[in-house]
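> I'll drop the sequence and a predicted model, then ask my questions.
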Amino acid sequence: MNIKKFIENVKESLKLENFETTGKKKPIKRLLEKLEARKDILNKVPKKKLNKKEKKELEEELSIISMQIKKGKTLLKELN
């Protein structure tokens, strides 16, 4: 996955607007920070109060975010 496609996928999944890409490393680092923050927020959601459908959606979103974080870290390693 190239860098532009990764950034577009993450922007779409986080529903970010007004996100400018000036270089290569900085935008990826900022997106990773936002993904980590989103992951922390989702992990703090009380799971006992959710029904089955909501739990499944939460787990699915967490897995997508984890996958995007992993891809972002590999892209950063490639750029170094």
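In hand now; what should we look at?

> where exactly do the strands run in the protein?
Chain-ordered strands for the chain, with DSSP state E as the definition, do not occur.

> give the contact list for the most centrally placed residue in it.
In the chain, the centroid-proximal residue (CA atoms, centre = their mean) is Leu35; its distance is 3.6 Å. For Leu35, the contact set (CB atoms under 8 Å, 6 or more residues apart in numbering) comprises 10, 14, 65, 68-69, 72. Bear in mind the C-beta positions are built from the backbone N, C-alpha and C, glycine included.

> For the residue nearest to it when sequence neighbours are not counted, give me its contacts.
In space, Leu35 comes closest to Ile69 once its chain neighbours are excluded; the distance is 5.1 Å by CB to CB, 6 or more residues apart in numbering. Shown in contact with Ile69 (CB under 8 Å, 6+ apart): 32, 35-36, 39.

> Lys29 now?
Counting by CB under 8 Å, 6+ apart, the residues that Lys29 touches are Leu76.

> just for the chain, where's the confidence low?
For the chain, the stretches with pLDDT under 70 are 1, 16-23.

> Do you have the helices of this structure handy? List them.
Under the criterion DSSP state H, helices of the chain are mapped to 3-14, 25-43, 52-79.

> could you measure the residue nearest to the centre of the chain against Leu75, distance?
In this view, Leu35 and Leu75 are 12 Å apart by CB to CB, to the nearest Å.

> same question, Glu60
Distance from Glu60 to Leu75, by CB to CB: 23 Å.

> Which of the two has more residues huddled nearby?
Set side by side, Glu60 and Leu75 show more neighbours around Leu75, with 19 against 10, by other CB atoms under 10 Å.

> Surely the more buried one touches Lys4?
No - Leu75 is not in contact with Lys4 according to CB atoms under 8 Å; the separation is 10.7 Å.

> So what's the residue count around the closest residue to Leu32 other than its chain neighbours?
Distance criterion CB to CB, 6+ apart; nearest residue to Leu32, sequence neighbours excluded, is Gly72 at 4.7 Å. For Gly72, the number of neighbouring residues by other CB under 10 Å comes to 23.

> Nice, that's everything, thank you.
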